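> Attaching a predicted model along with its sequence, questions to come.
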Amino acid sequence: MITEQDFVFNKVESSFPKKGKFTWKTPSNIALVKYWGKREPQLPENPSISFTLDACFTLTTLEFTKKSSKDIKFEIYFEGKKKDEFKPKIEKFFSRIRQYVPFIAEYDFVIRSRNSFPHSSGIASSASGMAALALCIMSMEKALNPSITDEFFYKKASFLARLGSGSASRSIDGELVVWGKHRDITGSSDLYGVQFPEKIHKNFKNFHDIILLVDEGEKQVSSTIGHDLMHNHPFAEKRFDQAKDNISKLSSVLQNGDLKSFITIVESEALTLHAMMMSSNPYFILMKPNTLHIINKIWEYRAQTNSNVCFTLDAGANVHLLFPEKEKSSVNKFVIRQLIQFCQNNHYICDRVGSGAKQF
């Protein structure tokens with residue numbers, strides 16, 4: 001069993017390069033069973049499982065230059081513009097991972113990053129962003145120690161990414177990733193994400209996700225604040241038990257292909273996430289009126305057509321429309337005819353389940 005100590009870098013087979021750069025394209029993900037509530041250091045109170053996306057990604061280049069001082073210094077550019085407001089989160093990330101990758105203290109960094117989707121709009125931008133940065137750092141480790149295996153490389157990348165953003169642990173691999181120790185998921189861990197270990201039924205292959213952008217602005221409440229609200233939440237323990245139970249149920253569904261049970265679990269999880277926020281102290285309503293209009297339209301459409309389309313939500317107003325490959329044409333028509341009127345500027349993103357991060 002892998003422990004934190006196994007991820008501490010203590011071997012150099014190659015000399016430290018004077019400078020270089022690495023680039024990774026890293027997907028966002030959408031949780032089917034939600035992670036909400038954490039303990040230090042970035043460990044989940046309940047396991048979660050997510051689809052890895054494809055079109056929603058972060059592309060990050062990490063440039064590094066050797067220096068003499070031991071202070072970690074960096075500049076961050078997002079979409080071509082210098083973003084000093086992003087520095088505190090990355091400084092905290094570097095501080096957390098330094099004991100596992102001490103060689104980062106040997107370098108100054110320039111981080112250049114861009115998203116294929118609106119930043120902080122309810123799509124997991126911190127997940128893909130931190131995962132990309134973690135993979136770039138692991139590419140540095142691989143250069144210093146070429147003997148590490150691919151399995152170790154990706155597990156440690158997930159481990160490091162988790163220390164920047166919990167859900168980032170699920171943005172390394174594809175197609176389905178579990179983060180959090182669970183008795184029914186072989187190899188699962190609180191320390192890193194793992195690929196769903198069982199054979200996935202054909203019904204869930206090439207699943208689609210249309211993201212309806214109800215609100216493209218900044219999120220009303222950061223995920224960090226939201227997770228903190230689970231401390232002393234009156235329903236927290238019941239929620240954690242519910243999530244564990246839903247992981248067991250969903251594991252069976254993903255193997256037997258029961259689309260109707262999939263819908264029930266996934267939609268219940270989405271609404272429960274928002275119910276926890278509405279019943280916390282302080283309380284928040286992150287859904288917008290158009291979020292509810294879309295949900296009701298989905299329910300009406302499903303009742304009329306017996307479709308297997310369903311929705312899920314992250315901690316925001318946008319709606320993820322999930323459906324199998326065979327319904328692509330009919331659901332696209334449904335979106336255009338009935339749903340885009342509820343999207344800000346008629347904007348939506350067509351995505352599907354992807355295969356994980358790629359190096360460029």
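Cool, the structure landed. This is a predicted model, so every value here is computed, not measured.
> Just give me how far stretch 295-314 sits from the chain centre.
What separates the centre of stretch 295-314 from the centre of its chain is 24 Å, taken as C-alpha atoms, centre = their mean, to the nearest Å.
> Next: stretch 294-305.
For stretch 294-305, the distance to the chain centre is 27 Å (C-alpha atoms, centre = their mean).
> helices or strands next to the strand ranked longest in the chain in the packing?
Taking DSSP state E as the criterion, the chain has its longest strand at strand 48-66. Contact partners of strand 48-66 among helices and strands, from 3 or more C-beta pairs under 8 Å, 6 or more residues apart in numbering; DSSP states H and E: strand 19-33, strand 107-115, helix 125-144, strand 176-179, strand 208-212, helix 236-256, strand 348-352. From N, CA and C alone the C-beta is placed, and that goes for glycine too.
> Show me the one of those that comes nearest Met287.
strand 208-212 (12.3 Å; C-beta to C-beta).
> which strands and helices sit next to that closest one?
So strand 208-212, by 3+ C-beta pairs under 8 Å, 6+ apart, packs with strand 48-66, strand 319-323, helix 328-334, strand 348-352.
> Pull out the buried residues from the very next helix or strand once past that strand.
Using DSSP states H and E, the next helix or strand after strand 208-212 towards the C-terminus is helix 223-228. Using 16 or more other C-beta atoms under 10 Å as the test for burial, helix 223-228 gives 223, 226-227.
> Name the nearest of the residues you listed relative to His274.
Set against His274, the nearest of these by C-beta to C-beta is Gly226 (10.4 Å).
> Relative to Ile76, how far out is the closest residue to Leu59 other than its chain neighbours?
Leaving aside its chain neighbours, Leu59 sits nearest to Lys25 (4.9 Å; criterion: C-beta to C-beta, 6 or more residues apart in numbering). From Lys25 over to Ile76 the distance is 18 Å, taken as C-beta to C-beta, to the nearest Å.
> Pick out whichever of these two has more residues nearby.
Remark: of Lys25 and Ile76, Ile76 carries more neighbours, 20 against 17, as counted by other C-beta atoms under 10 Å.
> counting contacts, what elements does the strand or helix carrying the more buried one pack onto?
Element membership for Ile76, per DSSP H and E: strand 73-78. Packing contacts for strand 73-78, counted by 3+ C-beta pairs under 8 Å, 6+ apart, involve helix 87-97, strand 107-115.
> Can you tell me which of the ones you listed is packed in deepest?
Among those, strand 107-115 has the highest mean neighbour count (mean count of other C-beta atoms under 10 Å), at a mean of 19.
> tell me what that strand is packed against?
Using 3+ C-beta pairs under 8 Å, 6+ apart as the test, strand 107-115 ends up in contact with strand 48-66, strand 73-78, helix 125-144.
> between the second one and strand 48-66, how big is the angle?
Meaning strand 73-78. Between strand 73-78 and strand 48-66, the angle comes out at 120 degrees (axes from the mean of the first three to the mean of the last three C-alpha atoms, to 10 degrees).
> Pull up the pairing partners for the helix or strand following strand 73-78, direction included.
Downstream of strand 73-78, the next assigned helix or strand under DSSP H and E is strand 81-82. Paired with strand 81-82 in the same sheet, following DSSP bridges, are strand 73-78 (antiparallel).
> List the buried residues for the partner strand?
74, 76, 78.
> Same check on stretch 128-142?
Neighbour count says stretch 128-142 has 128-142 buried, by 16+ other C-beta under 10 Å.
> likewise stretch 229-239?
So for stretch 229-239, counting by 16+ other C-beta under 10 Å, buried means 229-230, 233, 236, 239.
> which residues touch that stretch?
Around stretch 229-239, the neighbours that count as contacts under C-beta atoms under 8 Å, 6 or more residues apart in numbering are 36-38, 45-46, 272, 276-277, 279-282.
> How is this protein partitioned into domains?
Domain assignment for the chain by automatic domain parsing gives 4-12+19-199, 208-352.
> Deepest-packed of the ones you listed, please.
Burial of the domains of the chain is given as mean neighbour count (mean count of other C-beta under 10 Å); domain 4-12+19-199 ranks first at a mean of 20.
> What average pLDDT does that domain get?
Summarised as a single mean, pLDDT over domain 4-12+19-199 is 93.
> That one: end-to-end distance?
29 Å (C-alpha to C-alpha, to the nearest Å).
> quick one on the thing from earlier: mind putting the helices and strands packed on strand 48-66 in JSON lines, distance to Pro197 included?
Output for the helices and strands packed on strand 48-66, formatted as JSON lines (distance: least, C-beta to C-beta, whole Å):
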{"stretch": "strand 19-33", "distance to Pro197": "16"}
{"stretch": "strand 107-115", "distance to Pro197": "30"}
{"stretch": "helix 125-144", "distance to Pro197": "20"}
{"stretch": "strand 176-179", "distance to Pro197": "8"}
{"stretch": "strand 208-212", "distance to Pro197": "22"}
{"stretch": "helix 236-256", "distance to Pro197": "9"}
{"stretch": "strand 348-352", "distance to Pro197": "22"}
